[in-house]
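J.: Test case, fold it:
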Amino acid sequence: MTEFGGAGLFGDVGWEPRLFSEDYQARLVTEALTIFRNDPNIAGAYVWQFAGAQTDLKSDGLHFRDRARSFNNKGLVNENRKPKQAFREVRQVYRSWD
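T.: Below is the predicted model:
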């Protein structure tokens with residue numbers, strides 16, 4: 001699998017995995033890893049992406065919903081390299097594999 005992932009805003013955690021929350025991102029990535037691991041036709045996968053990064057100079061355009069704070073928020077860590085929930089859960093998944 002070439003790349004997969006989901007956006008999660010750093011610090012946005014709650015009772016349920018709503019869109020763009022850390023909970024949502026962690027759930028999406030760990031479920032995808034489980035599916036890929038159990039598929040004999042997939043030899044590996046790349047989580048997109050390691051760190052969040054600024055992508056737009058402003059967030060008032062057509063795709064504002066996809067670029068909160070003008071950032072690509074799909075990183076397992078934020079732009080300051082602070083780990084998000086997805087980072088910890090992906091680490092746990094990888095450590096559980098033989």
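J.: Low-confidence stretches in the chain?
T.: Across the chain, residues meeting the criterion (pLDDT under 70) sit at 56-67.
J.: Recalculate using a threshold of 80.
T.: With pLDDT under 80 as the threshold, the chain has low-confidence stretches at 15-17, 56-70, 98.
J.: what ranges do the helices span in it?
T.: For the chain, the helices identified by DSSP state H occupy 22-37, 85-96, in order along the chain.
J.: Could I get the contacting residues of R18?
T.: For R18, the set of contacting residues under the criterion of Cβ atoms under 8 Å, 6 or more residues apart in numbering consists of Y24. All C-beta spots, glycine's among them, are computed from the backbone N, C-alpha and C.
J.: can you check the one 3 residues further on too?
T.: With Cβ under 8 Å, 6+ apart as the criterion, the residues that contact S21 are 8-9, 12-14.
J.: Double-check A68 against G8; I have them as touching.
T.: No - A68 sits out of contact with G8 when judged by Cβ atoms under 8 Å, with a separation of 10.1 Å.
J.: OK, contacts around the closest residue to Q25 other than its chain neighbours?
T.: Spatially, and ignoring its direct neighbours in sequence, Q25 is nearest to G8 (2.8 Å; Cβ to Cβ, 6 or more residues apart in numbering). Applying Cβ under 8 Å, 6+ apart, we find G8 in contact with 20-26, 73-74, 84-86.
J.: most surrounded residue in those?
T.: Comparing the contacts of G8 by number of neighbours (other Cβ atoms under 10 Å), Q25 comes first, having 28 neighbours.
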